[in-house]
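[1] show me how the following folds:
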Amino acid sequence: MKKSRVVITGLGVVAPNGIGRDIFWQALTSGRSGISTISTFDTCNFPTRIAGQVSDFVPERYMEGKKAKRLSRTSQMAVASARLALNDARLDTAALRGDRVAVIFGVSTSAMDLIEKQHRHFLDRGVKAVLPFSIVAATPHTTSGEVTAELGLEGSLCTLATGCAAGLDSIGLGFTRISRGEATVVVAGGADAPITPLIMAGLCATRIMSVRNDCPEKASRPFDRLRDGGVLAEGGSAVVLEEYGHALSRGVKPYAEVVGYADAAEIDLMSPGRGLERAMSKALQQAGLSPETVGHISAHAPSDPFLDRIETAAIKKVFGKRAYRIPITSIKSMIGNPFAAIGGFQVAAAALTFIREIIPPTINYEHFDPECDLDYTPNHSRLAQVEYILINAHGFGGGNSTLILKRCD
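    Here you go, the predicted model:
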């Protein structure tokens, strides 16, 4: 069966370093960090006191105020990013057939802000203090449901929970559905708002978080020899995926075409790497591409001393000597790790790289690591015209995903 071509026509971004496509892109290409001291709760007893906060996010700009107050921050950011993506795509949802539309969102931590707050109320004042809508609002699947309801997208909906890979997996699943002829339009992405006391305490207990509290914007430093851990972040990201002919019939110029997607499990969680190798190889195979065709890699690289090294080794395994000639970027250097939202941010950055012909940098790369010795586009953007971009994601629990985009002429 002939597969349908799938293109990206809309981008929606609610990120720590900028809300909206253009502000986000300007921040990336100028190397501006969105990481700062946490302002939402007292962190004086925490070893890590920094995060990538979306400090200027006002939910009421994207939905009715009363409704916004009943949603978790994760759902608020999902709705906002989806609305931005649909507006960017200039898509009239009322004209879409319900059976040809899908909403697919990924979450990792779901509504922890709401859960922790209601739990405190329960401990302090008992059952009557718990808000009646809180359990429904805290259900992971509510995020996709709220996007569907708020934007009037009468079609199918799905929620994925594959950790940090969930956003990229949602876009990959949307690509699969359209290519198989099961949908014409898919709004896909990810959202997470994990900057809460309990999550921060748990991550601090694992000792995988950076403790560069005196200089937050320098804390996330993927591939740098002196990296001391990742930085937690929040955000919402969404893309509009369309069947190629449908996009052309609307007179819309696509940002990029999705040509390959694959995921692979990590069998040995204590020694990862093989799963990411298989995900990259399978995605290239599905796209019918050789490693020589990839012109840029958007890395998972969370500024972790172990994971950055593992991803570097996996890239070398798949690309061989070619690995040293491919510019690689980790945008987590500027926004931290917003869990499920990162996949959509990476896709947005890659799509804009095609259009603007600029590769964003990996900032804070100052000290060479002999085990991370590839071209990480250090500290400054680079002019480049590329035909294919490969995007990597790794999730807690052993999931690895790779998506491949192609320039649309």
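[2] scan this protein for its longest helix.
    Longest helix in the chain by number of residues, with DSSP state H as the criterion: helix 73-89.
[3] gap between it and the chain center?
    Using CA atoms, centre = their mean, to the nearest Å, the mean C-alpha position of helix 73-89 is found 13 Å from that of the whole chain.
[4] where exactly do the strands run in the stretch 51-200 of the chain?
    Shown for the stretch 51-200 of the chain, the strands assigned by DSSP state E, counting those that start in this stretch span residues 101-106, 156-160, 185-192.
[5] hmm, I was thinking of the stretch 301-409 of the chain
    Under the criterion DSSP E, counting those that start in this stretch, strands of the stretch 301-409 of the chain are mapped to 328-329, 358-359, 382-383, 388-395, 399-407.
[6] quick one: closest of these to P370.
    Among the strands of the stretch 301-409 of the chain, the nearest to P370 by CB to CB is strand 328-329 (16.3 Å). All C-beta spots, glycine's among them, are computed from the backbone N, C-alpha and C.
[7] show me what that closest one packs onto, helices and strands only.
    Counting contacts by 3 or more CB pairs under 8 Å, 6 or more residues apart in numbering; DSSP states H and E, strand 328-329 is packed against strand 296-298.
[8] partner strands of the strand it packs on, parallel or antiparallel?
    Paired strands of strand 296-298, with direction, are strand 328-329 (parallel), strand 388-395 (parallel) (DSSP bridges).
[9] could those strands go into JSON lines alongside distance to R73, mean pLDDT and mean neighbour count?
    Formatted as JSON lines, the entries for these read as follows, by distance: least, CB to CB, whole Å; pLDDT from 0 to 100; neighbours: other CB atoms under 10 Å:
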{"stretch": "strand 328-329", "distance to R73": "27", "mean pLDDT": "98", "mean neighbour count": "27"}
{"stretch": "strand 388-395", "distance to R73": "21", "mean pLDDT": "96", "mean neighbour count": "27"}
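[10] so can I have TSV of those strands showing distance to L403?
    TSV is the format used below for the strands paired with strand 296-298 (distance: least, CB to CB, whole Å):
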stretch	distance to L403
strand 328-329	15
strand 388-395	5
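[11] to L153, which of those strands lies closest?
    Sorting the strands paired with strand 296-298 by CB to CB, the top spot, which is the nearest, belongs to strand 388-395 at 24.6 Å.
[12] tell me the angle that closest one makes with strand 101-106.
    Using axes from the mean of the first three to the mean of the last three CA atoms, to 10 degrees, the direction of strand 388-395 lies 60 degrees away from that of strand 101-106.
[13] and strand 388-395, how far out from the chain middle?
    Strand 388-395 has its average C-alpha position 10 Å from the chain's average C-alpha position, going by CA atoms, centre = their mean.
[14] what do you get for stretch 312-323?
    Taking the mean C-alpha point of stretch 312-323 and that of its whole chain, the gap between them comes to 23 Å (CA atoms, centre = their mean).
[15] hey, C-alpha coordinates of that stretch in CSV?
    As requested, the backbone C-alpha atoms of stretch 312-323 are provided in CSV (Å, rounded to 0.1, in the frame of the first residue of the first chain):
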residue,chain,number,x,y,z
THR,A,312,27.9,10.2,21.7
ALA,A,313,29.0,6.6,21.5
ALA,A,314,25.7,5.6,19.9
ILE,A,315,26.0,8.2,17.3
LYS,A,316,29.5,7.0,16.4
LYS,A,317,28.3,3.4,16.1
VAL,A,318,25.5,4.4,13.7
PHE,A,319,27.3,7.0,11.6
GLY,A,320,30.9,5.8,11.8
LYS,A,321,33.5,8.4,10.7
ARG,A,322,30.7,10.5,9.3
ALA,A,323,29.7,11.3,13.0
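[16] tell me which residues of the helix-or-strand element of the chain with minimal mean pLDDT are tucked away?
    The helix or strand of the chain with the lowest confidence, counting by mean pLDDT, DSSP states H and E, is helix 134-138 at a mean of 80. If you call a residue buried by 16 or more other CB atoms under 10 Å, then helix 134-138 has these buried ones: 134, 137-138.
[17] swap in stretch 248-257?
    Neighbour-count burial for stretch 248-257, counted by 16+ other CB under 10 Å, picks out 252, 254-257.
[18] stretch 286-300 now?
    In terms of neighbour count (16+ other CB under 10 Å), stretch 286-300 has its buried residues at 286-287, 289, 291, 293-300.
[19] run a quick neighbour tally on the nearest residue to V136 once chain neighbours are set aside.
    In space, V136 comes closest to T142 once its chain neighbours are excluded; the distance is 6.4 Å by CB to CB, 6 or more residues apart in numbering. The local packing of T142 (other CB atoms under 10 Å) involves 23 other residues.
[20] so what's T142 up against?
    Residues in contact with T142 (CB atoms under 8 Å, 6 or more residues apart in numbering) are 71-72, 75, 111, 136.
[21] for the spatially most central residue of the chain, which residues are in contact?
    Nearest to the centroid of the C-alpha atoms of the chain, with distances taken as CA atoms, centre = their mean, sits I342, at 1.8 Å. By CB under 8 Å, 6+ apart, the contact list for I342 reads 164, 167-168, 190, 235, 237, 331-332, 335, 393.
[22] what do you get for L232?
    When contacts are counted by CB under 8 Å, 6+ apart, L232 touches 48, 51-52, 194-195, 199-200, 203, 209, 336-337.
[23] what are the contacting residues of stretch 203-210?
    Residues from elsewhere that reach stretch 203-210 (CB under 8 Å, 6+ apart): 46-48, 50, 200, 219-220, 227-232, 303-304.
[24] quick one: which of these is most hemmed in?
    Of all the contacts of stretch 203-210, the highest neighbour tally under other CB under 10 Å goes to S220, namely 33 neighbours.
[25] give me the three-state assignment for I8.
    For I8, the secondary structure call by DSSP: H, G, I helix; E, B strand; the rest coil comes out as strand.
[26] so for it, what's the pLDDT?
    pLDDT for I8: 98.
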